[in-house]
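Participant: Build the 3D model from these lines:
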Amino acid sequence: MKYETEKRVFLSCCGSYCHTCDWFSGRIRAQSEGTRRMLAEFDGFPKLLGKENGEKVRKGMAALAGTSICSGCQQEGGVGDRCSIRACCHSKELTPCSECPAFPCKMLSENPGVRKFKTLENFEAIKREGWEAWVDRQWKEHIERSAK
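Facilitator: Next up is the predicted model:
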């Protein structure tokens with residue numbers, strides 16, 4: 001593993017680690033495809049959900065199954081993109097939010113994804129452990145463990 005690459009590429013602007021993300025890993029797409037196939041194969045779902053709701057669920061699963069896998073925060077987009085946190089960082093020429101004098105700002109601390117991925121806690125751990133130790137721990141917990 002190359003720590004500088006992991007740090008530069010797979011740590012999002014808000015401090016989440018890409019390898020833990022369901023979009024990045026493809027879990028959302030894979031689960032949606034499985035659900036889409038199951039709905040198509042089992043005639044009972046439209047009856048159970050009702051015709052209109054069944055069709056909405058089927059279309060929703062098809063849409064999610066057709067989504068691309070995120071390439072990682074540091075590798076896509078820029079200012080004005082779909083992520084307001086990333087757009088803010090890029091507009092200030094910052095890589096992670098923790099480099100900002102206003103850190104942690106209201107936009108960051110009120111974001112549901114920040115809470116889900118415990119990104120403020122990640123930044124505290126990075127400060128405490130250092131980049132290399134933190135990335136090494138993430139790698140062991142999320143990459144090596146999943147390879148077993």
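Participant: Okay, now the unreliable bits of the protein?
Facilitator: 1-4, 7, 71, 76-82, 146-148 (pLDDT under 70).
Participant: mind running it again at 50?
Facilitator: Where the chain drops to pLDDT under 50, the residues are 79-80.
Participant: all helices of it, in order?
Facilitator: 3-9, 22-25, 27-41, 44-49, 51-65, 84-91, 106-109, 112-116, 119-129, 131-139, 145-147 (DSSP state H).
Participant: Turn those into JSON lines, columns for distance to residue 15 and mean neighbour count.
Facilitator: For glycine as for every other residue, the C-beta is placed from the backbone atoms N, C-alpha and C. Converted to JSON lines, the helices of the chain look like this (distance: least, Cβ to Cβ, whole Å; neighbours: other Cβ atoms under 10 Å):
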{"stretch": "helix 3-9", "distance to residue 15": "12", "mean neighbour count": "14"}
{"stretch": "helix 22-25", "distance to residue 15": "14", "mean neighbour count": "16"}
{"stretch": "helix 27-41", "distance to residue 15": "20", "mean neighbour count": "15"}
{"stretch": "helix 44-49", "distance to residue 15": "38", "mean neighbour count": "13"}
{"stretch": "helix 51-65", "distance to residue 15": "25", "mean neighbour count": "14"}
{"stretch": "helix 84-91", "distance to residue 15": "9", "mean neighbour count": "18"}
{"stretch": "helix 106-109", "distance to residue 15": "9", "mean neighbour count": "14"}
{"stretch": "helix 112-116", "distance to residue 15": "8", "mean neighbour count": "13"}
{"stretch": "helix 119-129", "distance to residue 15": "3", "mean neighbour count": "16"}
{"stretch": "helix 131-139", "distance to residue 15": "10", "mean neighbour count": "16"}
{"stretch": "helix 145-147", "distance to residue 15": "21", "mean neighbour count": "8"}
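Participant: nearest to residue 100, of the ones you listed?
Facilitator: Nearest of the helices of the chain to residue 100, taken as Cβ to Cβ: helix 84-91 at 7.5 Å.
Participant: The closest one packs against which elements?
Facilitator: helix 106-109 (3 or more Cβ pairs under 8 Å, 6 or more residues apart in numbering; DSSP states H and E).
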